[in-house]
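Novice: Take this sequence and fold it.
(3 chains)
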Amino acid sequence: MPAATETIDTVQSLTQSGYKWGFETDIEMDIAPKGLTADTVRMISAKKEEPEWLLDWRLAAFAAWEAMVEPNWAKVGYPKIDYQDIHYYAAPKRPAPKSLDDVDPELLAMYEKLGIPLKERAALAGVEGAGMEGVIGSGNPNIAIDAVFDSVSVATTFRETLAKSGVIFCPISEAVREHPELVRKYLGTVVPVSDNYFAALNSAVFTDGSFVYIPKGVRCPMELSTYFRINAKNSGQFERTLIIADDGAQVSYLEGCTAPMRDENQLHAAVVELVAFDDAQIKYSTVQNWYPGDANGRGGIYNFVTKRAACRGARSKVSWTQVETGSAITWKYPSCVLQGEGSVGEFYSVAVTNNRQQADTGTKMIHIGKNTRSTIVSKGISAGRSDNTYRGLVRILPKASGARNHTQCDSLLIGDQCGAHTVPYIESRNPTAKVEHEATTSKIADDQLFYCRSRGLSEEDAVGLIVNGFCKEVLKELPMEFAVEAQKLLAVSLEGSVG
Amino acid sequence: MNQSLHNGADAYLSRYEGLRDRLPGDAAIRDAAAAAFKAGGLPSMRDEDWRYTSLRALAETDFGEPLSMVATAPILGDAIDAPRLVLVDGRYQPDLSTPPVGVTVTPFSENPYFGRLPDTKRPMAALNTMLTEDGVQLHVAAGVDAGALVLLSLAPQGHRPIAFHPRHGIHLEAGAKLTVLEIARGEGAYLHNAVTEAVVAPGAVLTHIRLQDESRDAFHVNTTFAEVAEHGTYDAFVLTLGAQVARTEIHARLIGPHGMVHLNGAQLLGGQQHGDITTVVAHDAPNCGSRQTIKNVLSDRSRGVFQGRIEVARAAQKTDGYQMNQALLLSPQAEIDCKPQLEIYADDVKCSHGATVGELDADQLFYLRSRGVPDAEARAILVRAFLAEAMDPIAHDDARALLERAIEQWWEHRA
Amino acid sequence: MLSVNNLAARIDEKEILRGISLDVPAGQVHAIMGPNGSGKSTLGYVLAGHEGYEVTGGSVTFGGADLLAMEPEERAAAGLFLAFQAPLELPGVNNANFLRTALNAVRRARGEAELDAVGFLRLARTESKRLHMPDDMLKRNVNVGFSGGEKKRNEVLQMAILRPKLAVLDETDSGLDIDALRIVADGVNALRSPEFSALVITHHQRLLDHLVPDRVHVLSRGRIVRSGGPELARELEANGYAGVVADAA
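Specialist: Residues are numbered from 1 along each chain as shown, chains lettered A, B, ... in the order given. Presented below is the predicted three-dimensional model:
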């Protein structure tokens, strides 16, 4: 069993405990005062030197947000968020770097510590030092990275290489300036400003994020990746990502995130919009490793994210893969609106909760077009005193003849103080559609553990091994170098959950 | 603006005001229910528990009181050979009933007992508590096997529209056994809003089979609370054929180890019917099992709803819970909505649910036809086969045969 | 009995049958042999009226009537029987009920009186005994939990009860051990009469040792490339299809 041995090795190599990405970076910051009013929105727009239309768009979103109430249907509980007690803008003071060479050395050092290769030559040289576990793209020479630090993008690598094939990959604030026609055409068309409370908030105050455009027929020559880091105290991160794959285009996009350990909760409310045209394919992978709070549930990120893909073109395909190990609270449902005939939506998810973490995550597959297909594979692992909920919707509309969905939702409980919940919604209005849903809940069987331990594994290693096996169907969907890191991350997240 | 105007509660509350002093039993219990009902109102899709079924339409009809006299002997319809208890318009009719041996029958109007299981959170149960005037309380003493009885609820044509809210109780002492076959039939427009409390003591076995064949103009709401003690069994089956809007809600709670709950059911709907089966099985004790198989056959513009939740408390280790919900859509306008939920707080459990939605299998249909079975007959065979998994476990042969006859009839009327 | 004339058919735009002509006179058994993908099973499905296959040309008469104009159940009533290569499972459908419903539907269509439950069971028991089938197979759901061999025997039982004029056996021998093979062959042989014909689709010579055909046809790429007597099957067994198929190409 070479694969299993390898997993054991990687699990065993992790001798450190706890959250290893929790250090703070001391950088001179430009921070807006706390509070949120229409003037805050204007201030952000002015900082970004945005055109009039975008300011108007933000203000409309802000008005919508003010009229909305915070949703409470998810199976998560947290003290009321004071939206006036948050900094909505935080950026390193140094003027925006013109090239990678201009990036603040402090920042470069931080990313190096995180294992994110922002220097192209370093990236090309390969592996980059220690402390890289669980961080995306580390050591892979073939990944272009956009690094978002609090409210701004601090560096984007390999832009020239990408430009040669016509691919646009840049911070969204830059795209607003350089490609206004594209941004204006697609922004808010998948997730309208008033879609939900957190999406409206994001639309009003989003600061940065990534923009990707893959032109017709182009297969993106390298993996694209955005690395999100929240650093500043009492700040929120509100990033916005927009990816457009034109006819026949293909792209694989990875996202990762970490934050310092702090006692206060911090808000992360992102919006991701994907648009896929005829025969286009977007693969969107996330390893979410925001600070989860300590063992007693103090601190940690509130991760309230809206991710949605519009499969507008015939035979278009969007595949969401997520490994969710971080955050105090996760509220996230990456979805697909399957409009194009024969379009395909996929959702592969591993969500691990430990200690006092709460995750309410899942997907929506809306079948509109004929012969649309969707697959949902969700693996939830709860340990400690955490709660882990899968919530998903499969909706077949009357015109979606021949639509197919298969959903598999499995929950694993470790210990008897945690909760695992499954809340699927299945709605079908077309007789030729076939929907199948299966869900199971189980624990790690004692005889499985015994078998592993009788072969010399520690109980913790055995759990790591079994959990990785439980998640295999999802992990195999990740790009390879990502999958290895995700496996390690799973083991780290479950440290202290047994014994 | 008055909140109750908003939520459709007004007419019911003013009816309660008018009747309050004449209704039997503890007024404080009714007042508490009225307060709860006033706050929540008629259920609407804004309530997560009623996401797919709104009863706000009940506010649009002025349902009157049933007349107190039964003018003519009602048509009893198909039944089984067993003692029977008859209610007309929600009122117990001793003259039409044949009392069973081994079961003590107490009409609610004589001895108003509201039971002890919680109901104020459920708007329709609260409405029942507020307005109920009759029903039957069944009691089987310890160790007695009381056989089977039929509980027939009739709403024959007459003064319409009317609303009635019968309150039933079934109490089995330790080791007792009883099979109750409940049949609901009627004509014209009415609201039948029943609440049943079933208490199954240690080692007792209650088989609760229901045929809901109400008038196509009726609203049928039925809420059952069942509590099962150690080694007890609550074995329920419900067949929904009638009513324009039907909601069958079963809350079963396993409070002692080694208890068992079966909640099986089928809904066969046509026209513009709306049928909703909602179940909650709460495992509070270890080593209990629950099995649910619910089948939906939906034609024309009908809409089927299934919501089922399995709750497993921390203490309920070694729980074995299973739930399967399947739907056949026979028409392009039919719709199914289902929400099977697991809510698990114990780690050493085996819980699963499944759901499938689709049409009749084309290959199976071809196989049957290639053997000479005409298309319509082949479809009927496959639909019956589809239902078999839920029907077969019905242990009472006569009751099962009765349900099968009702299904045959449904199928013939449809064709 | 069966006359196939230049029959062409496709599934999902893919041409499978490209002009098949074949005559099976009453009382005769013909074998169809050929490599995988040659269209053997498609021929069976098209004759039985599977909606997944689109007939794009040609004609088929059965007992003088236009077979292709009939619904699947009308073909069965007219006396056509297809033994499926992979018999379907019908969970929840009792085998005896299924057989009786089918038999009575066919009898009704033929203007014969329906059999009551007792009469049917007598018939079914006799036939299943003859096929060495355990009694409980009648009580079980159609093909559910049946072994491969049991499924095939169940097909032959259905045939014995429905008494077709023409049986199309689609690889009924595949997956059978030698005893089961003999039972299946005996089941068909028992039906042999001047009024009964069979079209036996098979890969192997061995079934034809027990069920001796009058004619053997070799199918390749949707056409009959060679026809001959029983000796042709033995020649194929010895030399394989390559020679025959290549000759035709």
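Novice: Just read off the phi/psi values of the residue nearest to the spatial centre of chain B.
Specialist: With distances taken as CA atoms, centre = their mean, the residue of chain B nearest its centroid is residue B:248 (3.9 Å). In terms of degrees, to the nearest 10, the main-chain angles of residue B:248 are phi -110, psi 120.
Novice: State the distance from it to residue A:401.
Specialist: Distance of residue B:248 to residue A:401, given as CB to CB, to the nearest Å: 31 Å. All C-beta atoms are positioned from the backbone trio N, CA, C, and that covers glycine.
Novice: the helices in the chain, which residues?
Specialist: Going with chain A. In chain A, the segments counted as helices under DSSP state H are A:2-12, A:38-47, A:52-66, A:105-114, A:120-125, A:159-164, A:172-178, A:180-186, A:197-205, A:446-454, A:459-470, A:472-475, A:480-493.
Novice: wrong one, I was asking about chain C
Specialist: Counting by DSSP H, the helices of chain C are C:40-48, C:72-78, C:95-109, C:117-130, C:136-139, C:148-162, C:178-191, C:206-210, C:230-239, C:242-248.
Novice: what is the mean pLDDT for the second one?
Specialist: Here the mean pLDDT over helix C:72-78 is 90, rounded to a whole number.
Novice: Let me see the residues that make contact with that helix.
Specialist: Here helix C:72-78 makes contact (CB atoms under 8 Å, 6 or more residues apart in numbering or on different chains) with B:366, B:369-375, B:378, C:47-50, C:62-63, C:65, C:67, C:70, C:102, C:105-106, C:109-110, C:162, C:164-165.
Novice: Show me which of these are buried.
Specialist: Among those, those classed as buried by neighbour count (16 or more other CB atoms under 10 Å in any protein chain shown) are B:366, B:369-374, B:378, C:47-50, C:62, C:67, C:70, C:102, C:105-106, C:162, C:164-165.
Novice: May I see the helices of chain C organised as TSV, with distance to residue A:197 added?
Specialist: Converted to TSV, the helices of chain C look like this (distance: least, CB to CB, whole Å):
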stretch	distance to residue A:197
helix C:40-48	56
helix C:72-78	56
helix C:95-109	56
helix C:117-130	65
helix C:136-139	60
helix C:148-162	57
helix C:178-191	67
helix C:206-210	70
helix C:230-239	73
helix C:242-248	69
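Novice: Neighbours of the residue in chain C that chain A sits nearest to, how many?
Specialist: Relative to chain A, the nearest point of chain C is residue C:12 (12.8 Å; CB to the nearest CB). Around residue C:12 there are 8 other residues, counting by other CB atoms under 10 Å in any protein chain shown.
Novice: How about residue B:159?
Specialist: 13.
Novice: what are the phi and psi angles of it?
Specialist: Here is the backbone geometry of residue B:159 (degrees, to the nearest 10): phi -60, psi 120.
Novice: any idea how far the closest residue to it other than its chain neighbours lies from chain C?
Specialist: Using CB to CB, 6 or more residues apart in numbering or on different chains and skipping the chain neighbours, the partner closest in space to residue B:159 is residue B:67 (5.1 Å). Distance of residue B:67 to chain C, computed by CB to the nearest CB, to the nearest Å: 45 Å.
Novice: confidence score at residue B:67?
Specialist: Per-residue pLDDT puts residue B:67 at 75.
Novice: Same question for residue A:101.
Specialist: Predicted confidence (pLDDT) for residue A:101: 68.
Novice: Hmm, residue A:392 is touching residue A:363, no?
Specialist: Yes: under the criterion of CB atoms under 8 Å, residue A:392 makes contact with residue A:363 at 5.1 Å.
Novice: dump the residue contacts of the residue in the stretch 151-300 of chain A positioned nearest to chain C.
Specialist: Residue nearest to chain C within the stretch 151-300 of chain A: residue A:279 (19.5 Å; CB to the nearest CB). With contact set as CB under 8 Å, 6+ apart, residue A:279 has these partners: A:247, A:248, A:313, A:314, A:315, A:316.
Novice: What's the separation between it and residue A:315?
Specialist: From residue A:279 over to residue A:315 (counting by CB to CB), the distance is 5 Å.
Novice: Same check on residue A:328?
Specialist: Distance, residue A:328 to residue A:315, by CB to CB: 40 Å.
Novice: Between the two, which has more neighbouring residues?
Specialist: Neighbour count, other CB under 10 Å: between residue A:328 and residue A:315, residue A:328 has more, with 26 against 18.
Novice: quick one: furthest residue from the center of chain B?
Specialist: Here the centre of chain B is the reference, and by CA atoms, centre = their mean the most remote residue is residue B:370, at 40.1 Å.
Novice: That one reaches residue C:49, doesn't it?
Specialist: Yes: taking contacts as CB under 8 Å, residue B:370 lies within contact range of residue C:49: 7.2 Å.
Novice: pLDDT weak spots in chain C?
Specialist: For chain C, the stretches with pLDDT under 70 are C:246-249.
Novice: what comes into contact with stretch C:50-64?
Specialist: Applying CB under 8 Å, 6+ apart, the contact partners of stretch C:50-64 are B:362, B:366, C:1-11, C:15-16, C:19-21, C:42, C:45-47, C:66-68, C:72, C:75, C:78-80, C:165-166.
Novice: again, 7 Å this time
Specialist: Contacts to stretch C:50-64, defined as CB atoms under 7 Å, 6 or more residues apart in numbering or on different chains, come from residues B:366, C:1-11, C:19, C:42, C:45-47, C:67-68, C:78-80, C:165-166.
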